[in-house]
Each structure stands twice: as C-alpha cells, then as structure tokens.
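A.B. asks: Sequence isn't available, so here's the structure alone:
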C-alpha cells in the first residue's frame, strides 16, 4: 500500500526534454502521487509520448511500461540512442526503433515525399485518420511520424517519433539524423506519389505516353508498378540531386 502521499524522482534525457516545461528540463524533479500507476501512465502524464522512449531505468534497473511506480523510486528515461547499442538493456519493446519503415500522418505530406525521394518506405495519404495511422503502424510494424502528441500516446502504438521541426526539409533532416538513417538512403528507388518500388521499363512499352522531346532525347526510364508514373533523368534531375544532397548532409555526432 502506498503512503498517503508518495514521491518518485524523475530525470529525462536529451530530446525527451522537448516535451517538458522549462523547469523540469535536464534536471531531476520530484513527483508526488497517491494512487498506484504504471510508469507508462506516469510518464505520459508529464506529456512525454511513450513511443519516443527506448530505455527506462528505475533505481538503476531496466523496466518495462507495466512497472508500478513505488515510493522513493528514482527514474531515468532515455530516448532512442543513435550512437550506442543498448539492445541488451531494453525492456520496453521486442525491437528497437530503427527499422526504417514509416507511416506519416495526414499533415506531413511534403515530408513523406522527401522520404520517398530518398528511397525510404513511407506510407502516407492525405485522408489518413489517426485511427488509420495507428492501425497501419501496428499491422505493418511501421514507425509513426507525426506532430500530434496525442496520436503518439495511443496505447497500441509502440514505435513513433514526434517531429519537432516546422519546415518539411528540416523535418526530413531531423528524421535522418535522429534515427541515423543515412546508410538506408537509396534515392530514386521509390515512387514519390504512392511509395511503390520503381522498376525499369523498356522505352518501346511506354513510348506512346511520352512528350515528343522526351521521346527524342531520353532512353532510360523507370515506372511505378502501383500508379504507373514514369521517371527519367530529365531537366528536373539536377534539382532533385541538389535537394538530396541538402537533405543528407551530415553533421559529426559529438557523442560518437
């Protein structure tokens, strides 16, 4: 049985501090409570979505989300580790948040197109509801990308990332950096419209669809098997290459 008023001590690390008020960032703070609560519920009561968390230590020991907080507990909460393999310690989920398959909510369409341009598997439709996103995340084991904190707090979502940046290019850089996806980038391999993998197609099979100058000057084409869109290295290709370079320019991780 809990005391009349129990107290636990919390410390959040790195990007998780983005969700906390200024007075609680990067410091240990006390939290008084009088009802039994899981550590997941208590953490989310502070506004931190559980899919953003990769490791929880209570009094130095790794615990899962079902752990019941006790009087005097000291809790350390960590986000995804890009530069350190902590998989032997993780108790929160069966696999870490590093498999680069995403589902993007309906408000981040430009981000979805950028990620597809980079060759990352990214499900998106502009009519997705929150229920759609959550269900796809579970059924297809995809990481949710969203700026909706309440969506990430849905219990069924285990893998997710709250996008901090506002501008789409900054959002794409943020996803690549936070989840260390630079080695997964394979530009021009996915359809930016529907996400299907592009396939080579013989020119004579699609020649009737080409404009006269395209038919005359270009010989190599890719086609989306999903929506039928055609791709070739036209005048837009140099702009796309510049965009890819801009999105994938890395900064040295000081902690590596």
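C.D. replies: Arrived safely, thanks for sending. Remember, it's a predicted structure, so these values are computed and weren't measured experimentally.
A.B. asks: Determine which residue lies closest to the centroid of this structure.
C.D. replies: With the centre of the chain defined as its mean C-alpha position, the nearest residue by CA atoms, centre = their mean is residue 161, 4.0 Å away.
A.B. asks: Tell me which residues touch it, please.
C.D. replies: Residues near residue 161 by CB atoms under 8 Å, 6 or more residues apart in numbering: 51, 52, 80, 97, 143, 144, 145, 146, 175, 178, 179. C-betas here are computed from N, CA, C, even on glycine.
A.B. asks: Show me where this structure has its strands.
C.D. replies: Defined through DSSP state E, the strands belonging to the chain, from first to last, are 6-12, 29-33, 53-58, 61-62, 74-79, 101-104, 121-123, 143-146, 160-162, 199-201, 221-223, 230-231.
A.B. asks: Make TSV out of those and add distance to residue 210.
C.D. replies: Compiled in TSV, these are given as follows (distance: least, CB to CB, whole Å):
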stretch	distance to residue 210
strand 6-12	55
strand 29-33	63
strand 53-58	49
strand 61-62	58
strand 74-79	48
strand 101-104	31
strand 121-123	28
strand 143-146	35
strand 160-162	40
strand 199-201	11
strand 221-223	8
strand 230-231	8
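A.B. asks: Let's have those strands in TSV, adding distance to residue 130 and mean pLDDT.
C.D. replies: Formatted as TSV, the entries for the strands of the chain read as follows, by distance: least, CB to CB, whole Å; pLDDT from 0 to 100:
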stretch	distance to residue 130	mean pLDDT
strand 6-12	25	96
strand 29-33	28	95
strand 53-58	20	92
strand 61-62	30	92
strand 74-79	23	94
strand 101-104	11	96
strand 121-123	14	97
strand 143-146	9	95
strand 160-162	12	92
strand 199-201	33	96
strand 221-223	33	97
strand 230-231	32	96
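A.B. asks: Now a ChimeraX select for only the buried ones of the contacts of residue 161.
C.D. replies: Those of these that count as buried under 16 or more other CB atoms under 10 Å are selected in ChimeraX with:
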select :51,52,80,97,143,144,145,146,175,178,179
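A.B. asks: Pick out whichever of the contacts of residue 161 sits closest to residue 30.
C.D. replies: Distance from residue 30 was checked for each of those by CB to CB. The minimum falls on residue 52, at 22.2 Å.
A.B. asks: show me the contacts for the closest one.
C.D. replies: Residue 52 makes contact with 15, 16, 19, 79, 80, 152, 160, 161, 162, according to CB under 8 Å, 6+ apart.
A.B. asks: Now, of those, which are buried?
C.D. replies: Members of these that pass the buried threshold by neighbour count (16+ other CB under 10 Å) are listed as 15, 16, 19, 79, 80, 152, 160, 161, 162.
A.B. asks: Tell me which two of those sit farthest apart.
C.D. replies: Pairwise across these, and taking CB to CB, the largest span is found between 19 and 80, at 14.3 Å.
A.B. asks: Need the residues that contact stretch 110-120.
C.D. replies: Counting by CB under 8 Å, 6+ apart, residues outside stretch 110-120 touching it are 100, 102, 104, 122, 124, 145, 163, 168-169, 171-172, 175-176, 181, 184-192, 195, 240, 243-244, 247-248.
A.B. asks: what's the model's confidence in it, averaged?
C.D. replies: Stretch 110-120 shows a mean pLDDT of 97 in the predicted model.
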